[in-house]
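Q: Give me a 3D structure for the following:
(one chain, ligands or ions: 1)
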Amino acid sequence: MQKPSVRLEGLGASVFTEMDDLKRSLEKQGKNLINLSIGSPDRAPDLQIRSVLSQAVLEGDQYGYTLTRGTEEFRQVCAQWYKDRFGVILNPETEVLPLMGSQDGLAHIFLAYIDSGDLALIPDPGYPIYSAGLWLAGGKKVPMPLLKDNGFLPDISKIDPDLARQAKLMFLNYPNNPTAAVASLSFFEEVVEFAAKYDIIICHDAAYSELAFEGFKPVSFLQARGAKDIGIEFHSVSKTYNLAGARLGFVVGNSDVVGTLSQLKSNIDYGVFAPVLAAGAYALRSSQGSIKENQEAYQRRRDLLIGGCAAAGWEMPVPQGSMFIWAPVPTDQDSVTFARDLAREAGVIVVPGLAFGDYGEGFVRLAMVQDEKVLQEAILRIHRFLSQKR
Ligand SMILES: Cc1ncc(COP(=O)(O)O)c(C=O)c1O
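A: The predicted structure follows:
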């Protein structure tokens, strides 16, 4: 049998693989696990969204290819949603493109712009597809450390000008995975100035723009003056409306970049399933009540988990957005050893910070993807675990 490509061998942080293997072996031993490791929404989509999806599925004319650009209706609805939510005006013909989940665009944008040896600025810690997509395209990563002291924003002033001149893309993501940090409009304005100076395309991943707490409304990168001249923004309908398996997202912004991604994708896929586009359009046009319910549910989980862990002696910063808590390791262990022990001894699965990059060391990521009853049990287990460790 032929060997898989070298390209494939270089994929995937070994920490993720190690934690996955551990989880599987614990499951095999019959251990009851509470999984706080994956960022997959556990809540059901709004019933009306499901109803639109199911009705469309029954129609006989919904099974053709929708092609890369999707339906005009969907692109128009995305543009309207952007105007209502952020006050950003988009041309639905040239500045909006549907995606099979935002991941589709995040992975493929590298193939559209990166040749062998080209540089891209990638946050560290960061959501793994940025490094993986860059690697698959043969590019080289310039890590941008996300440090606690800088609110987990990259310090733009510290980026080496020589590397900036060579870089073609910069990735950003706020509300952030894994750190749960949020960004201000003034930060995005600084980024636009930098990108214009060095001719860098900004790719902002806004997958969690609609998951924020206590009335906080994350800004869009495209709200920054001049942003559309140099960048694009990825949105996740899958995340926002709990439709993770019904793959849907979209990318908006600079028409050249959106067009280039569209050109690449037209060689790879035949578009999103029409009923999924219809359900997404319905969701984006809806009252957005399901978003509010979602925010309230995650906020309750956040408060429960943070309060419970604090009572167990584990203090964690309170996130303003995203479905994650980025918690400092509460023992004197490294993040991998701590996560491994917590899995083996307490049956609670979290992701060691190192899995997201070297600068993730010292932290673990907890995903708030279980209901409150399960989280109560997780807190009890964490309490017991930590009292044995100390
Ligand atoms: C930061 C971030 N971006 C993008 C995605 C991909 O989401 P989807 O492809 O479902 O839109 C995820 C999923 O976990 C994520 O955490």
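Q: And the host helix or strand of residue 382, what does it pack against?
A: Using DSSP states H and E, residue 382 maps to helix 372-389. Packing partners of helix 372-389 (3 or more C-beta pairs under 8 Å, 6 or more residues apart in numbering; DSSP states H and E): strand 34-35, helix 289-311, strand 348-349. Backbone N, C-alpha and C define where each C-beta goes, glycine included.
Q: Grab the most central residue of the chain for me.
A: The residue lying closest to the centre of the chain (C-alpha atoms, centre = their mean) is residue 207, at 5.0 Å.
Q: Show me what the closest residue to residue 104 other than its chain neighbours bridges to in the sheet.
A: Among residues not flanking residue 104 along the chain, residue 249 sits closest, at 6.8 Å (C-beta to C-beta, 6 or more residues apart in numbering). Counting by DSSP bridges, residue 249 forms beta bridges with residue 99, residue 236.
Q: do you know how far residue 249 is from the ligand?
A: 4 Å (C-beta to the nearest ligand atom, to the nearest Å).
Q: correct me, but that residue touches residue 241?
A: No - contact status for residue 249 versus residue 241: not in contact, 10.9 Å apart, counting by C-beta atoms under 8 Å.
Q: unless I'm mixing things up, residue 142 is touching residue 123, no?
A: No - the criterion here is C-beta under 8 Å, and residue 142 misses it with residue 123 at 10.6 Å.
Q: Looking at those two, which is more packed in?
A: Neighbour tally, residue 142 and residue 123, criterion other C-beta atoms under 10 Å: the higher count belongs to residue 123, 28 against 18.
Q: Run the chain-centre distance for the helix or strand that residue 104 is a member of.
A: Following DSSP H and E, one finds residue 104 within helix 102-113. Centroid displacement of helix 102-113 relative to its chain, using C-alpha atoms, centre = their mean, to the nearest Å, is 13 Å.
Q: Check which helices and strands the following helix or strand past that helix sits against.
A: With elements assigned by DSSP H and E, the helix or strand that comes after helix 102-113 is strand 119-124. On a contact count with 3+ C-beta pairs under 8 Å, 6+ apart, strand 119-124 meets helix 129-136, strand 140-145, helix 161-166, strand 167-173.
Q: For the stretch 151-300 of the chain, just list every one of the helices.
A: Assigned by DSSP state H, counting those that start in this stretch, the helices in the stretch 151-300 of the chain fall at 161-166, 185-198, 227-230, 237-240, 255-265, 274-285, 289-311.
Q: Please work out which of these is packed deepest.
A: Neighbour counts (mean count of other C-beta atoms under 10 Å) averaged over each of the helices of the stretch 151-300 of the chain peak at helix 237-240, with a mean of 27.
Q: In terms of secondary structure, what does it contact?
A: Applying 3+ C-beta pairs under 8 Å, 6+ apart, we find helix 237-240 packed against strand 249-253, helix 274-285.
Q: can you give me how far it is from the chain middle?
A: 10 Å.
Q: Check stretch 318-336 too.
A: Offset of stretch 318-336 from its chain centre (C-alpha atoms, centre = their mean): 17 Å.
Q: Mind checking if it is in reach of the ligand?
A: No - Stretch 318-336 is not in contact with the ligand by C-beta under 6 Å from any ligand atom; minimum separation 7.9 Å.
Q: Name the residues of that stretch that come out as buried.
A: 319, 321, 322, 323, 324, 325, 326, 327, 329, 330, 335, 336 (16 or more other C-beta atoms under 10 Å).
Q: how about those residues in TSV, adding pLDDT?
A: Listed next are the buried residues of stretch 318-336 as TSV, based on pLDDT from 0 to 100:
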residue	pLDDT
319	98
321	97
322	97
323	97
324	98
325	98
326	98
327	98
329	98
330	97
335	97
336	96
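Q: Pull the most distant pair out of those.
A: Farthest pair in the buried residues of stretch 318-336 (C-beta to C-beta) is 321 and 336. Separation: 26.5 Å.
Q: Thought residue 271 was touching residue 67, still the case?
A: Yes - if you go by C-beta under 8 Å, residue 67 and residue 271 touch, sitting 4.6 Å apart.
Q: of the two, who's got more company?
A: Higher neighbour count among residue 67 and residue 271: residue 271, with 20 against 15, using other C-beta under 10 Å.
Q: and the more buried one, what does it touch?
A: Under the criterion of C-beta atoms under 8 Å, 6 or more residues apart in numbering, the neighbours of residue 271 are 65, 66, 67, 68, 69, 70, 98.
Q: coming back round to it: please enumerate residues in contact with the helix holding residue 382?
A: For helix 372-389, the external contacting residues (C-beta under 8 Å, 6+ apart) are 34, 36, 300-301, 304-305, 308-309, 311-314, 330-331, 341-342, 345-348, 368, 370.
Q: repeat for stretch 82-95
A: In this structure, residues lying in contact with stretch 82-95 by C-beta under 8 Å, 6+ apart are 72, 75-76, 78-79, 96, 219-220, 222-223, 228, 252-255, 258-259.
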